[in-house]
Each structure stands twice: as structure tokens, then as C-alpha cells.
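Q: give me coordinates for this.
(chains A and B)
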Amino acid sequence: GESVGLHLPTLSVQEGDNSIINCAYSNSASDYFIWYKQESGKGPQFIIDIRSNMDKRQGQRVTVLLNKTVKHLSLQIAATQPGDSAVYFCAPGNSGNTPLVFGKGTRLSVIA
Amino acid sequence: DAGVIQSPRHEVTEMGQEVTLRCKPISGHNSLFWYRQTMMRGLELLIYFNNNVPIDDSGMPEDRFSAKMPNASFSTLKIQPSEPRDSAVYFCASRGTYNEQFFGPGTRLTVL
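A: Prediction:
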């Protein structure tokens, strides 16, 4: 089955700095990847996704990089703010109505 | 749209009691997922439905767990009898034609 690993379970960054959250995956057949943000007491919320035929995608203050060769993706958050404090999950997926598989997540703490 | 609706938000019960968690997916979504989240095991998929039909229940921990989806707008997850190790946050998510899964706010279950 799919396994999703995270390089760092916790990450602390200074407010205003950039954050990089890494994720490794095992299923080379994954054809899209979604990043979710989960704040305390809430369900995971969609941040950004990237298809496997792309290596970079940018959103508002966030950038996803995908390296299929080493099965690794990262989420970069620019100018990290206190509101970015949360647990972040990467979830590889396959087209065809199959569920997303989640790793344990990375907790991002922003130091004011 | 109100998003995915779950009830109750919090449930405290005693060991041996029956617990029923409820979910209303986003209107028009044809896939529904039940996840359980704990500190130790992260976000685990329990079961998912496509077009109200259970597709994969291999994540259901034991026969004490059962899930139904009688129609496109309602699903239940039942635990009978409940045990203290069932304490967790249970999330329901739904998905339409695109890849993103939308999560509800979760039900925090405590079994004493």
C-alpha cells in the first residue's frame, strides 16, 4: 500500500521567514499531490495541489515543488505568519475515485 | 455551501455504550470517506463510499465498527460496543468530480 513519510515532524520558524515542509512518498503511480493544512480543532483544509506532470506550482505565498525522480515534494511558505501555525499534510492521490493517503503531518510553529 | 457537516462535535460516553457519528456530505459529491485521527496513528482511512456503495472497508478496525450510507446526503459510523481505545477525532470527507477531498470539522469521541 501507499506510504507517506515526512522528514521533520516539527518545524519552528521565525515570523517573516520562509518555511519549507518536506514530504516523501512511495507510490510512483501517484498522479497528483495535495497539501492540506490542519489548524487546532479543525479538519484538514486544502492549500494547493500539483499534478505529476508538473514540477512546480505557485499559489498565494505558497509554492509546491515536485521531484518525481526521488519521490519527494516540498511546500514552501513565504513570509511565514502566526496564522500559518498548523499541521501540514501531503497526500498523494490517484485518479479514479481512490482515497487520499495521509502521513502523520508536520507541525509548523511560528515564533513571533 | 455549508461544507461537510458532522454531528455531534463532541461525544463522551462510557465503555460498552453504542456510539453513532453522523455526516452530511457536500451536495453533489459522490464519494464519502470516514477517517480517524489519533496522535499515535495520524489520519487513518476507515471506509469510503462511491455513489453510496461501500468500496473499501479494510481500514475498519474491528467488527464493532460499521458504516452506512443510505442515501447521497447522509452517512453514519457506528461503534458498538465502544472501548476506551476508540477515543479519537473522527472525520468525514466528501469529494466531487475533482481530486480535492473536503473535510468536516470532526467529532471528538471520548470513551471512558
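
Q: burial of A:Arg51, as a residue count?
A: Counted by other Cβ atoms under 10 Å in any protein chain shown, the residues lying close to A:Arg51 total 12. C-beta: built from backbone N, CA, C; applies to glycine.

Q: so what's the nearest residue to it once chain neighbours are set aside bridging to?
A: Leaving out its chain neighbours, the residue that sits closest to A:Arg51 by Cβ to Cβ, 6 or more residues apart in numbering or on different chains is A:Tyr32, at 4.9 Å. A:Tyr32 has these beta-bridge partners by DSSP bridges: A:Arg51, A:Gly93.

Q: quick one: A:Tyr32 and B:Glu100 touch, right?
A: No: between A:Tyr32 and B:Glu100 there is no contact under Cβ atoms under 8 Å: 9.7 Å.

Q: find residues that contact each of these two.
A: Listed as contacting both A:Tyr32 and B:Glu100 by Cβ atoms under 8 Å, 6 or more residues apart in numbering or on different chains are A:Asp49.

Q: in chain B, which residue is closest to the centre?
A: B:Trp34 (3.5 Å; Cα atoms, centre = their mean).

Q: so what touches stretch B:3-12?
A: A:43, B:19, B:21-26, B:90-94, B:102-110, B:112.

Q: switch the cut-off to 7 Å
A: B:19, B:22-26, B:92-94, B:102-110, B:112 (Cβ atoms under 7 Å, 6 or more residues apart in numbering or on different chains).

Q: what's the neighbour count on residue 16?
A: By default, I'm working from chain A. A:Gly16 has 12 neighbouring residues, counting by other Cβ under 10 Å.

Q: nope, chain B please
A: Neighbours around B:Gly16, by other Cβ under 10 Å: 10.
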